[in-house]
Every structure is written in C-alpha cells, then in structure tokens.
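>>> Make a model of this:
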Amino acid sequence: EVSSEQAANLASLFEMAKALAAPGRLAIIGALAAVPDAVLNLDELAQRTGLLPAKMERDLRQLAEAGFIRVVEWWGDTPDREPLPWKLAFNPAYLKRMPQLITTLHQLNNQVQPAPEKAPLDERTKTLGRFMPDGKLLDWPSQLKRQLYVVEEVAKAFEPGIRYTERQVDSILKQIYEYDHCTLRRYLVDLRFLHRADGLYWKEPVGLVAV
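Presented below is the predicted three-dimensional model:
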C-alpha cells in the first residue's frame, strides 16, 4: 500500500525521469550546472549547448516544472502568446529532495521484494567471527570445541607437505596471535593439525587427523 507522501514522491520522480529522457534537456542541465551561481539568457545557453533557441522553449518549461532549473526572467507578454523563458539558472533545490525521493524508492522496493533473511550462522562461523574476525586471534576461547575451530583455522597458514623449522612456525604464529604463539604451536601439535619430529613441523597432505 502506497501512502500519499510516497505517491507524491513517485509523481515527482516520474516527472524527473521524463525530463531527463532527451539529450537536449541533459545538455541544458549540464550547461547550467557547470555555472550553478550564474544566470544565463537564452542566447548564452544556446551557445553553450549548441541548441537552437527557438527549439528550446518546450525543454526549458519541462525542466523547470521538474525542478532542475529556474526561470529567472520571462520575455514577451502578448495576449496571443505565453511569455518565453529568457533568463535561466540551475536549481540546486532538487538536490535537497533527492534523499527523500530515493528513500521512497527503497521503501517501495522492499515492499514489493523484501530483502531475503540472512541464514543463521553456524557455530564455527560464529566462533571465528568472535575470536578471529580479521584472521588474527584476539583471545583464546575457553571451550574445547571453540579451540578446535580456532586451531583448525590457524592450521590453514601452513602448506601441506612443507617442512618448517620451529623458528618458521613461531614467525607465522606470531602474526596470528602475538600474545601467546607458544600456546598455538602446542595445540597444533597436540591436536595433530601439525606433526613434529627432529625439530621440524609439517602438515599432512591428506588433511586433518581426527582426535
């Protein structure tokens, strides 16, 4: 259901869209917007746009009705003919209305096509989002299940099959958890995400080993 305010905003947007539907009118807006504080007469505007003055009247009226430009002065006042737009200026007032008009479009779009509900996060994603939001460990979780999620994620920093010295392992882990990289190294080995022998560490290419 569309409110009266939304209907009015839609009508304004419709008029704006119609006003922008011709290259000549876009040229007029662009010429006036290029000198937003100036007032141009019809001949000056024609020179800047390359349009014929005699063919600009309808476009100028439509742009003024849509709120893009202002007619500062009219020319001619005869009983058998309406006055012509003569001096014109860019109208910045429409820019102030745009946020309200765009909000109306968002509201109506959401009514027609509601945003899909976000799927609930699983426990692993929640844990990593809390303890490792940017890939660095902020704190060590107390629950074993969360520790497993964290250690499994940390193990991704090591390439399977490559032998690492303890110094290399520490260098990698310090970038993840500078506060206590030794705890990480111990858990990686104890939980068999990394293997250790003869002072070297490695991750098996076959994947993780169940504990």
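
>>> For the residue nearest to residue 169 when sequence neighbours are not counted, give its distance to residue 176.
Of all residues not flanking residue 169 in the chain, residue 201 sits nearest, at 5.0 Å (CB to CB, 6 or more residues apart in numbering). Yep, even glycine has a C-beta here, placed from its N, CA and C like the rest. Distance check for residue 201 against residue 176: by CB to CB, to the nearest Å, it reads 15 Å.

>>> Between those two, which is the more surrounded one?
residue 201 (21 against 16; other CB atoms under 10 Å).

>>> quick one: contacts for that one?
Contacts for residue 201 (CB atoms under 8 Å, 6 or more residues apart in numbering) come out as 158, 163, 164, 165, 166, 168, 169, 188, 189, 194, 195.

>>> from those residues, which is closest to residue 102?
residue 158 (48.6 Å; CB to CB).

>>> Next, count neighbours for that closest one.
Using other CB under 10 Å, residue 158 has 19 neighbouring residues.

>>> Quick check: the gap between it and residue 171.
12 Å.

>>> which outside residues touch stretch 94-113?
2, 5, 6, 9, 10, 12, 13, 16, 66, 67, 68.

>>> which SS class is the first one?
To tie it back to what came earlier, the one meant is residue 2. coil (DSSP: H, G, I helix; E, B strand; the rest coil).

>>> That one and residue 11 touch, don't they?
No - contact criterion CB atoms under 8 Å: residue 2 and residue 11 do not qualify, at 10.9 Å.

>>> buried set for the lengthiest helix in the chain?
The residue-count maximum for a helix in the chain (DSSP state H) belongs to helix 93-112. Residues of helix 93-112 classed as buried: 101, 104 (neighbour count, 16 or more other CB atoms under 10 Å).

>>> Need phi/psi at residue 180.
In terms of degrees, to the nearest 10, the main-chain angles of residue 180 are phi -150, psi 70.

>>> Contacts only, for it.
residue 140.

>>> hey, where'd the strands end up in the protein?
Along the chain, counting by DSSP state E, strands occupy 40-41, 69-75, 84-90, 164-165, 195-197, 200-202.

>>> export the ones you listed to a markdown table and tack on distance to residue 20 and mean pLDDT?
Shown next, in a markdown table, are these (distance: least, CB to CB, whole Å; pLDDT from 0 to 100):
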| stretch | distance to residue 20 | mean pLDDT |
| --- | --- | --- |
| strand 40-41 | 20 | 94 |
| strand 69-75 | 12 | 91 |
| strand 84-90 | 15 | 91 |
| strand 164-165 | 62 | 95 |
| strand 195-197 | 67 | 94 |
| strand 200-202 | 64 | 95 |
